[in-house]
Structures are given as structure tokens and as C-alpha cells.
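S.K.: curious how this folds, go ahead:
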Amino acid sequence: MKHVFPRFQSVFSLTIFCIVFILLIGGCATNIEDKKLRVGAERHQVYLPLLANKKVALVVNQTSRVNESHLVDFLIENQVEVVRIFAPEHGFRGDQDAGALVDSTVDEKTSIPITSIYGSNKKPSSESMAGIDLIIFDIQDVGLRFYTYISSMHYMMEAAAESDIEFIVFDRPNPNGRYVDGPILEPEFRSFVGMHPIPVLHGMTVAELALMIKGEKWINKGENLTLKTISIANYTRDMEYALPVKPSPNLPNQQSIQLYPSLCFFEATPVSVGRGTDFPFQVIGSDTVPLGDFQFSPESRPGSASKPKLMGQVLYGRDLRNSQINGLNLEPLIQAYHRFSEVDLAFFIHPNFMDKLAGTDKLRLAIESGKTAEQIKLDWQTGLNSFKKRRKAYLLYP
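M.R.: Numbers count the residues shown, from 1 in each chain. Next comes the predicted model:
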């Protein structure tokens with residue numbers, strides 16, 4: 001009998017230990033979950049009450065996910081009445097070439113009408129806004145002024161303001177959010193690839209930009225717009241964020257997104273950036289002026305590059321897949337310009353497009369005049385400092 005109590009005490013102690021251990025592990029797991037980054041669309045406890053008894057329209061594409069579900073499907077499952085989808089460049093499913101016509105149609109899965117807001121109808125008609133109480137914008141951006149999703153957001157905000165429709169932005173991280181760089185757009189160079197007086201790399205999320213577009217009165221009747229934002233939980237501006245879904249057909253991975261600010265200007269030149277290959281926006285190459293030893297050949301790839309530049313040609317250039325280029329690096333562009341100049345070949349063959357991408361003709365003219373990257377960037381600083389002060393009122397994250 002004398003051995004029973006110690007044995008019981010031992011079992012009792014072990015039980016207490018296990019209970020405490022489980023509670024501690026559970027608490028740690030809860031604490032980790034509380035600190036997990038959650039995009040706006042995942043914070044459904046916050047926004048679902050705002051959608052009750054509303055006829056809702058969505059500005060969405062393939063990046064509009066709630067964990068593993070598309071936002072459209074998630075909202076319908078939660079008894080939200082979705083009455084229309086507005087499709088930006090690359091389409092609702094993100095499978096259209098850059099610049100390709102996006103048709104208005106009907107979603108096969110849900111039978112919800114889809115209205116294109118790319119091509120000739122960048123701003124929706126008043127007819128397509130009829131019967132809508134609220135519009136949700138939920139698209140992953142990459143932090144570049146010339147990435148057209150923010151231009152589509154501009155037009156949708158303006159249409160909402162003019163039709164007295166509430167507008168909500170579900171926010172997502174900016175994968176280039178650490179950088180603020182490039183020339184400020186000048187009014188005469190305004191286009192669909194640059195609509196606002198902001199730098200090429202603006203360092204803001206789409207929700208912050210929406211607040212700035214309204215606050216700076218960049219849209220008609222902006223003062224009338226009821227604008228709400230669903231912010232990202234546990235996010236800071238300098239966070240590394242790898243996108244779970246490619247934002248467009250030719251930005252397939254983190255390296256392409258990182259190189260995009262520096263390589264997009266090549267689109268106005270004879271140089272290929274790898275459209276029609278497995279590594280778009282991760283290489284540069286030419287068929288007439290060798291830019292390096294790396295060899296590749298673009299081919300037709302419907303859905304990402306049906307007719308890529310220099311299709312079928314053997315190109316020589318640089319493989320940048322393992323490079324450390326980030327932010328806005330002008331060196332590859334300047335070096336290529338000088339290589340073309342050495343053999344007396346035109347480099348900026350589409351100067352108007354180059355100036356629209358840059359938001360000014362000063363960048364092109366500075367390169368043509370022989371300025372270095374350091375000299376060119378020095379010219380931007382006054383405008384950048386002014387922009388940084390101006391945007392402070394609209395920032396949501398530290």
C-alpha cells in the first residue's frame with residue numbers, strides 16, 4: 001500500500017505537466033496565428049457585415065484569393081449578392097496577353113456578368129453601374145506607376161463617385177514597397193500607363209493609393225466618394241512578401257517582379273525582355289547588338305506572349321535570373337543604349353512610349369545626352385522628397 005500513493009502522485013504530476021504543456025503549445029500557436037500577415041480579403045470578420053443586404057460588384061482577377069478560394073466564390077458561399085465583375089487588363093482569370101482585348105462576357109461558373117474595363121472601355125458606363133450598391137477592389141499590385149491595375153482602380157473610383165456607389169479596397173502588400181524612386185509624372189505625359197503625379201516606384205499599397213487619389217482630388221467628384229479600406233494585418237512596409245499567385249502572365253516569380261522596374265523601359269527599345277520564354281522580365285537580348293553571352297529565342301505563347309518581340313530570332317544578351325538588381329537600376333538601360341550608339345543604331349525606337357513609361361521625356365533625353373545613372377537620379381530628388389511629404393497623410397503601415 002505504501003507504494004501506491006507515490007505512483008499515483010507520479011501519474012498525477014505527469015497529467016498536470018501534459019495539460020500545462022498543451023496549453024502552452026496552444027497559446028504559442030494562437031500567438032503565432034495572431035501575428036500572421038493577413039491580406040484584406042482574409043479579414044472577412046471585418047468586411048462581411050459591411051456587405052449584408054448590398055448588391056456588390058467586384059474588380060478582381062486571378063490574384064483575388066481568400067486562402068485557397070477565389071474572392072467571388074468565397075463571397076457567394078457567404079451569402080453575399082455579387083451582381084457584376086469588372087475585369088482589368090489580362091482578364092478576370094489573368095490569362096490574356098499584355099495589351100490584348102478583354103471581352104465582356106459571363107462567368108461560366110457563377111453566371112455573373114463580366115464587364116471589361118480594359119481596351120476602349122477603361123471607365124465603365126453608367127449603364128453597367130446600375131443596380132450596384134457597393135464596389136470591392138481586390139487586385140494584387142507590384143508597386144509600379146505603369147502597372148495598369150492602379151489605373152483601372154482610378155477609373156472605377158471615379159465611376160463610383162459619379163454614381164454615388166460606395167467603394168472598398170481590400171489591401172494587399174506591395175512587393176516593391178521598400179522603394180520610392182524615379183521621376184514624378186508630368187501632366188503632359190499622362191496616359192493609362194501613368195495617371196498620377198507619383199514616381200515610378202511609389203512605395204504604397206493599393207489602399208494607400210486609393211486614399212491619396214481621393215484625398216488629392218485626382219478623380220472627378222472624389223469628394224463625394226465613400227471610400228473604405230480593409231487593411232493588411234501585421235504588415236510593415238519593408239517586409240519581404242512573395243506573391244502566392246503571379247500578378248500577370250509575364251511576371252511569373254519574385255525575381256521578375258524585382259527586375260520589372262528596371263527592365264520595363266526596354267519595352268520602348270529593340271531589346272527583348274524575354275517575353276515568349278520561360279523567364280520573362282529576367283533577361284535582355286538583341287538580334288543585332290550582342291548585349292552579352294546568354295542566348296535565347298522568344299516563341300509564341302498564347303496567354304502570355306502570342307507575338308513576342310523578335311519571335312523566332314536568336315538573341316544574345318544577359319541572364320539576370322540570379323542578379324541582385326532591385327529597385328530602379330538604370331545601368332542595364334544605359335549600357336544597352338551605349339552599345340547601340342556604338343554601331344549607330346537607334347535605341348529608343350518608340351520615344352513616345354518611353355516617355356509615357358517614364359512620365360517625362362527628361363529620362364530619355366538625359367540618357368541620350370550621356371548623363372550617368374547617378375546624375376540622372378540626382379535630378380529626381382527634389383520631386384521625390386516633395387512626394388514623400390505629400391503621401392504621409394495617406395500611409396497605413398509603419
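S.K.: burial count for the residue lying closest to A393 once chain neighbours are set aside?
M.R.: Using CB to CB, 6 or more residues apart in numbering and skipping residues adjacent in sequence, the residue nearest A393 is G215, 6.6 Å away. Any C-beta I mention is one placed from the backbone N, CA and C, and that applies to glycine too. G215: 15 surrounding residues under other CB atoms under 10 Å.
S.K.: next one, pLDDT for G215 please.
M.R.: Note on G215: pLDDT of 98.
S.K.: that one and L395 touch, don't they?
M.R.: No: G215 lies out of contact with L395 (CB atoms under 8 Å); the separation is 11.5 Å.
S.K.: check which helix or strand D355 maps to.
M.R.: helix 351-358 (DSSP states H and E).
S.K.: R321 reaches N253, doesn't it?
M.R.: No: assessed by CB under 8 Å, R321 is found out of contact with N253, at 9.1 Å.
S.K.: would you map the helices across the stretch 101-250 of the chain?
M.R.: With helices called from DSSP state H, counting those that start in this stretch, the stretch 101-250 of the chain shows them at 149-162, 206-215.
S.K.: other SSEs contacting the longest one?
M.R.: What that stands for is helix 149-162. Contacts defined by 3 or more CB pairs under 8 Å, 6 or more residues apart in numbering; DSSP states H and E place helix 149-162 against strand 55-60, strand 134-138, strand 166-170, helix 206-215.
S.K.: I'd like those as CSV, with distance to G359 appended.
M.R.: Below are these laid out as CSV (distance: least, CB to CB, whole Å):
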stretch, distance to G359
strand 55-60, 24
strand 134-138, 23
strand 166-170, 23
helix 206-215, 15
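S.K.: looking at the helices of the stretch 101-250 of the chain, which is nearest to P302?
M.R.: Smallest distance to P302 across the helices of the stretch 101-250 of the chain (CB to CB): 21.9 Å, for helix 149-162.
S.K.: okay, now I76: neighbour count?
M.R.: Quick note: I76 (other CB under 10 Å) scores 16 neighbours.
S.K.: same question for the one 3 residues further on.
M.R.: In terms of burial, Q79 registers 9 neighbours under the definition other CB under 10 Å.
S.K.: low-confidence ranges, the stretch 51-200 of the chain, go.
M.R.: 90-91, 93-104 (pLDDT under 70).
S.K.: hey, where'd the strands end up in it?
M.R.: Applying DSSP state E, counting those that start in this stretch to the stretch 51-200 of the chain gives strands spanning 55-60, 65-66, 69-70, 81-87, 105-106, 113-116, 134-138, 166-170.
S.K.: can I get those strands in TSV with distance to L225?
M.R.: Formatted as TSV, the strands of the stretch 51-200 of the chain follow (distance: least, CB to CB, whole Å):
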stretch	distance to L225
strand 55-60	14
strand 65-66	25
strand 69-70	26
strand 81-87	16
strand 105-106	28
strand 113-116	20
strand 134-138	10
strand 166-170	6
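S.K.: closest to G327 out of the ones you listed?
M.R.: strand 166-170 (25.3 Å).
S.K.: does the closest one pack against any helices or strands, and if so which?
M.R.: Packing partners of strand 166-170 (3+ CB pairs under 8 Å, 6+ apart): helix 44-51, strand 134-138, helix 149-162, helix 206-215, strand 227-230.
S.K.: residues making contact with it?
M.R.: If you take CB atoms under 8 Å, 6 or more residues apart in numbering as the criterion, strand 166-170 is touched by 39-41, 47, 50, 64, 71, 133-138, 153, 156-157, 160-161, 206-207, 210, 225-230.
S.K.: just the buried ones out of those residues, please.
M.R.: Listed as buried from the contacts of strand 166-170 are 39-41, 47, 64, 71, 134-138, 153, 156-157, 160-161, 206-207, 210, 225, 227-230; burial here means 16 or more other CB atoms under 10 Å.
S.K.: the closest residue to P249 other than its chain neighbours: neighbour count?
M.R.: The shortest distance from P249 to any non-neighbouring residue, by CB to CB, 6+ apart, is to S304 (3.6 Å). When counting by other CB under 10 Å, one arrives at 22 neighbours for S304.
S.K.: per-residue confidence at S304?
M.R.: 81.
S.K.: could you check how far it is from F279?
M.R.: Counting by CB to CB, to the nearest Å, the separation of S304 from F279 is 12 Å.
S.K.: repeat for L310
M.R.: L310 is 15 Å from F279, by CB to CB.
S.K.: and of the helices of the stretch 101-250 of the chain, who's closest to F266?
M.R.: For F266, the closest of the helices of the stretch 101-250 of the chain is helix 149-162, at 20.9 Å, according to CB to CB.
S.K.: tilt between the closest one and helix 206-215?
M.R.: 50 degrees (axes from the mean of the first three to the mean of the last three CA atoms, to 10 degrees).
S.K.: helix 149-162 vs strand 81-87, what angle?
M.R.: Using the same axes, to 10 degrees, helix 149-162 lies at 130 degrees relative to strand 81-87.
S.K.: got the contact list for helix 149-162?
M.R.: So helix 149-162 is contacted by 59, 61, 86, 88-89, 117-118, 122-124, 126, 129, 135, 137, 139-141, 165-167, 169, 192-193, 195-196, 206, 209-210, 213-214, 218-222, 224-225, 227, 247 (CB under 8 Å, 6+ apart).
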